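In: Sequence plus the predicted model coming up.
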Amino acid sequence: MYTEVILGSSPILLTVPHDGGIKIPGAAVRKEAAPRDEHTREFTLSCASELSRLGVQPTVIIFTLDRSHVDANRSPRRNPFAPGFEEHYQFFHAAIDDSVHRALQVTARYLHIDLHAYVNSPGPEDYDMVIGSKQHKTCPRGSDKKIAEMLGREYRAVFSPDPLQRIDSRFSGGWISCRTGKTYGFRGLDSFQLELNATTCLDSSHRMKTSIRLAHTLAECM
């Protein structure tokens, strides 16, 4: 179903909606499709591997279809899928719901990070990562602030929006993190979108280092 699920036992969920490269020949496509968030899958799997080594096994959910067919981070009102692909869009979100629901039955706190990447965006290129939690609304327990503080010791991390830092609301949180935050926040979920600078965090020389740093940050926070 073009959704890759790696089940874990810790209160952490990592999702990757925009690094899918599978294109179906002859199938319908969306009129406007942004490029892939390349290397976010590799980054996330590296982070998950390091977390597991630390004794924290996260759940990882990755969407593998190209954005020309489905953009899983768009709401149903914004034409997120081409004709014939609704089932795959729904399956991805159902996998997220299943993971969160199962976890919250056995734990009082769960963290969901939706991982993305950006290239050459005005303003954010000065930073290593941009965190979007709808001005902390999708993180009622403050996980976003704690993680930003810890990452900020080594990386240039900023929240969206932040006019003083020239960061607009573009990365303030997409459909995935907002939906889970709104649906499950009252039950113990913190959810935010993490945008990684493709130049400073996802190039081959920095990707593993950054993913390991994030893993250690998450392990310490949880």
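Out: Yes, it's here.
In: now H136: how far from F159?
Out: Distance of H136 to F159, given as C-beta to C-beta, to the nearest Å: 8 Å. Using the backbone N, CA and C atoms, a C-beta is placed for each residue, glycine as well.
In: Also R213?
Out: With C-beta to C-beta as the criterion, R213 and F159 are 18 Å apart.
In: Also I176?
Out: The gap separating I176 from F159 is 18 Å, by C-beta to C-beta.
In: out of these two, which sits in the more crowded spot?
Out: A direct count of neighbours by other C-beta atoms under 10 Å for I176 and F159 places I176 higher, at 25 against 19.
In: Need the pLDDT of the more buried one.
Out: pLDDT for I176: 98.
In: what's the answer for G181, then?
Out: At G181, the model reports a pLDDT of 97.
In: So it: helix, strand or coil?
Out: Under DSSP: H, G, I helix; E, B strand; the rest coil, the three-state class of G181 is helix.
In: That one: neighbouring residues, count only.
Out: For G181, using other C-beta under 10 Å, the count is 23.
In: Name the nearest residue to it, sequence neighbours excluded.
Out: In this structure, G181 finds its nearest non-sequential neighbour in T138, 2.8 Å apart by C-beta to C-beta, 6 or more residues apart in numbering.
In: Might one say that that neighbour is in contact with G185?
Out: Yes: counting by C-beta atoms under 8 Å, T138 touches G185, with 6.4 Å between them.
In: Of those two, which one has the most company?
Out: When T138 and G185 are compared for neighbours, T138 comes out ahead with 26 against 16, by other C-beta under 10 Å.
In: Who are the contact partners of the more buried one?
Out: By C-beta atoms under 8 Å, 6 or more residues apart in numbering, the residues touching T138 are 144, 173, 177-178, 180-182, 185, 190-192.
In: Nearest to R36, out of those residues: which one, please.
Out: Nearest to R36 among the contacts of T138: S177, at 19.0 Å, using C-beta to C-beta.
In: Tell me the secondary structure of the closest one, please.
Out: Of the three states, S177 takes helix according to three-state DSSP.
In: For L13, see how far away it is.
Out: Going from S177 to L13 by C-beta to C-beta gives 11 Å.
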